[in-house]
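J.: Provided below are the primary sequence and the corresponding predicted coordinates.
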Amino acid sequence: MSKELERHAIVVVGGGPAGLAAAIGAYEAGERDILVLERDTQLGGILNQCIHNGFGLHTFKEELTGPEYAARYIARADELGVERRLGTMVMDISDDRVVTAVSSEAGITRIQAGAVILAMGCRERPRGALATPGYRPAGIYSAGTAQRLVNIEGQLPGRNVVILGSGDIGLIMARRMTFEGAHVQCVAEIMPYSGGLKRNIVQCLDDFGIPLLLSHTVTRIEGRQRVEAVWIAEVDERMRPIAGTEVRYPCDTLLLSVGLLPENELSREAGVELSPVTRGPVVNESLETSIPGVFACGNVLHVHDLVDYVSEEAATAGASAARFVQGAVDADDAQRIPIVATDGVRYTVPSTVSVERMPEALTVRFRVGNVYRDHYVSVYLGDDRIQHRKKRVMAPGEMEQVTLKRAELLAHPDIASITVKLEEE
Amino acid sequence: MATETRELTCINCPLGCQLTVTLVDGEVTSVAGNTCKRGDTYGRKEVTNPTRIVTTTVPVEGSATERMVSVKTASDVPKGKMFEVVAALKGVTAQAPVAIGDVILANVAGTGVDIIATRNV
């Protein structure tokens, strides 16, 4: 470590949708010394391979594809002159915000950051995490790998496909591979509900007559060199395969779309406190982690289904980081009120609120743990119920949100907690 | 008078609103459950003339880094024409540099809709 420490006010780890919006948010909050570190050779992250449409309706009031949405943010970052280093991988973040990065051009560099924004995104849950018995033949891909092969490399990974898991990428790839001439036989989902968005079931499966088998899973994979068939069985309410329900599906390819995991190796090593529910950092209203001056946004914080919300959240993280380096906010003397997630609400982001620091209106995002019909989303300040909103359907695959108003919190000065929960009436 | 209702999931954005479309003698009289104007338009269209934006990729030549460029129909096309649109792109190759919005194939499959690039290559 002979090299002298380089210094930047804000270092953003990751140049995908979250990192770009965070950098722009920090700039717009008045900070100019911003450095984005991206390990890929281009900005935009996973959006570059998400060629389908449906992005940007909230942000731009028009329907864009992933690459188009990314291009808007890249153009804005270019316009603002946000410094970025591509092909640069962050290896370590210390608890005093020294970022160690490596690239083939510059070798190892160490950067003292005034604030760090974590925007590393997420990864797909791999097959190994599923314990599917069988050999390890060719022809098993995560849905995102198949997406990259088809959309970026121009390669079709197989012709006769079964998909395990109804995550959005799996649903999107069911349609994509059908367009490319593959036969997609079915999507098997172990849960009694889909993990993906309803719109994707409609336009990626229903449009093409691809069946969605709920409460089904793959029990066996046949084939030594290449996948030759998979066996799919119905499962009981404890997710155990039901004897006698196994059906053999001859196929050459199995795609896995079984969930996304925030990529927090760097955060963990830095000592950032992680939530066991989201597997992302625990954050306050400023999206600041347990380490002062380290902020998080996007899929590294919690997995989103809408990039528009990632951008919005990331802009908040960027603005918070700018305020932190400008010294406008004292580190952690502000009093924090915990947000309790209960009765069907699995978690909230953020999980604590400081009335002093919060904006006039604070968006609190959450997911529910099951499918709920005709339930109410309720918010309590202490014992006082201040919000009670009926939703026709809520599902784990769709992120929900409530808005906390600063004025209402000021009107409840002595509460010990805020509760977000579901109620039947 | 024959009244009929259809339950749909709006596909315009990831909110996926549950729509109830009411038809009287085959004519749409109301759309309920939508949270924006697009939902109303979608509900009316979906029961009479369903359409989709088609997105796919075509090979690109002359780029040092990219093999493919992503493309889409510039506006929605009849749902029944989706496969014809994809088939019409077989054999089509783009030449770099390509900018977002460049027409890659005009009037695809006789739909009157152009195929345009969605990525700068």
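T.: Done, it's in.
J.: help me confirm that B:Gly39 is found in a strand?
T.: No - if the criterion is DSSP: H, G, I helix; E, B strand; the rest coil, then B:Gly39 is helix and not within a strand.
J.: how many neighbours does it have?
T.: Counted with other Cβ atoms under 10 Å in any protein chain shown, the neighbours of B:Gly39 add up to 23. For the C-beta atoms, the positions are set from N, CA and C on the backbone; glycine is no exception.
J.: A:Ala146 too?
T.: The local packing of A:Ala146 (other Cβ under 10 Å) involves 27 other residues.
J.: what's around residue 50, how many residues?
T.: Let's take chain A. 26.
J.: wrong chain, I was asking about chain B
T.: B:Pro50: 15 neighbours (other Cβ under 10 Å).
J.: these two touch, right, it and B:Met82?
T.: No - if you go by Cβ atoms under 8 Å, B:Pro50 and B:Met82 don't touch, sitting 10.3 Å apart.
J.: longest helix anywhere in chain A?
T.: helix A:307-325 (DSSP state H).
J.: helices and strands around it, which ones?
T.: strand A:6-13, helix A:17-28, helix A:57-60, helix A:66-80, strand A:107-118, strand A:294-296, strand A:361-368 (3 or more Cβ pairs under 8 Å, 6 or more residues apart in numbering or on different chains; DSSP states H and E).
J.: do that again at 6 Å, thanks
T.: Counting contacts by 3 or more Cβ pairs under 6 Å, 6 or more residues apart in numbering or on different chains; DSSP states H and E, helix A:307-325 packs against helix A:17-28, helix A:57-60, strand A:107-118, strand A:294-296.
J.: list the contacts of that helix.
T.: A:9-10, A:17-18, A:21-22, A:25-26, A:29-31, A:55, A:58-59, A:114-115, A:117, A:286-287, A:293, A:295, A:297-298, A:304, A:329 (Cβ atoms under 6 Å, 6 or more residues apart in numbering or on different chains).
J.: low-confidence regions, the stretch 101-250 of chain A specifically.
T.: Within the stretch 101-250 of chain A, the segments meeting pLDDT under 70 span A:127-131.
J.: show me where it has strands.
T.: A:107-118, A:122-124, A:140-142, A:160-164, A:183-189, A:212-214, A:216-222, A:229-234, A:247-250 (DSSP state E, counting those that start in this stretch).
J.: list the helices and strands the fourth one packs on?
T.: So that's strand A:160-164. So strand A:160-164, by 3+ Cβ pairs under 6 Å, 6+ apart, packs with helix A:168-179, strand A:183-189, strand A:253-256.
J.: same deal with the third one?
T.: Judged by 3+ Cβ pairs under 6 Å, 6+ apart, the packing partners of strand A:140-142 are strand A:253-256.
J.: gap between the strand it packs on and the chain center?
T.: 22 Å (Cα atoms, centre = their mean, to the nearest Å).
J.: would you mark the buried spots in it?
T.: For strand A:253-256, the neighbour count (16 or more other Cβ atoms under 10 Å in any protein chain shown) marks A:Thr253, A:Leu254, A:Leu255, A:Leu256 as buried.
J.: now stretch A:230-247
T.: A:Val230, A:Trp231, A:Ile232, A:Ala233, A:Glu234, A:Val235, A:Pro241.
J.: nearest residue to A:Glu424 other than its sequence neighbours?
T.: Of all residues not flanking A:Glu424 in the chain, A:His375 sits nearest, at 6.1 Å (Cβ to Cβ, 6 or more residues apart in numbering or on different chains).
J.: typo on my end, it should be A:Glu6
T.: Per Cβ to Cβ, 6+ apart, closest to A:Glu6 is A:Ile111, 4.7 Å.
J.: near the nearest residue to A:Ala9 once chain neighbours are set aside, how many residues? Count them for me, please.
T.: Nearest residue to A:Ala9 in three dimensions, chain neighbours excluded: A:Asp33, at 3.8 Å (Cβ to Cβ, 6+ apart). The tally of other residues near A:Asp33 (other Cβ under 10 Å) stands at 15.
J.: might one say that A:Asp33 is in contact with A:Arg7?
T.: No - using Cβ atoms under 6 Å, A:Asp33 is not in contact with A:Arg7, being 8.3 Å away.
J.: distance of A:Thr145 relative to B:Cys10?
T.: Counting by Cβ to Cβ, to the nearest Å, the gap from A:Thr145 to B:Cys10 is 30 Å.
J.: who has more neighbours out of these two?
T.: Between A:Thr145 and B:Cys10, B:Cys10 has the larger neighbour count (other Cβ under 10 Å), namely 25 against 17.
J.: over in the stretch 301-425 of chain A, which residue gets nearest chain B? Let me know.
T.: A:Leu306 (5.0 Å; Cβ to the nearest Cβ).
J.: how many neighbouring residues does that residue have?
T.: For A:Leu306, using other Cβ under 10 Å, the count is 20.
J.: over to A:Ala71?
T.: Neighbours of A:Ala71 (other Cβ under 10 Å): 21.
J.: let me see the confidence value for it.
T.: You'll see A:Ala71 listed with a pLDDT of 98.
J.: and for the one 5 residues further on?
T.: You'll see A:Arg76 listed with a pLDDT of 98.
J.: that one - nearest residue in space that isn't next to it in sequence?
T.: A:Ile24 (5.5 Å).
J.: separation between that neighbour and A:Phe60?
T.: A:Ile24 is 14 Å from A:Phe60, by Cβ to Cβ.
J.: residues from chain A in reach of chain B?
T.: Neighbours of chain B within chain A, by Cβ under 6 Å from any Cβ of the partner chain: A:51-53, A:57, A:65, A:67-68, A:71, A:151, A:154, A:179, A:197-199, A:202-203, A:305-306.
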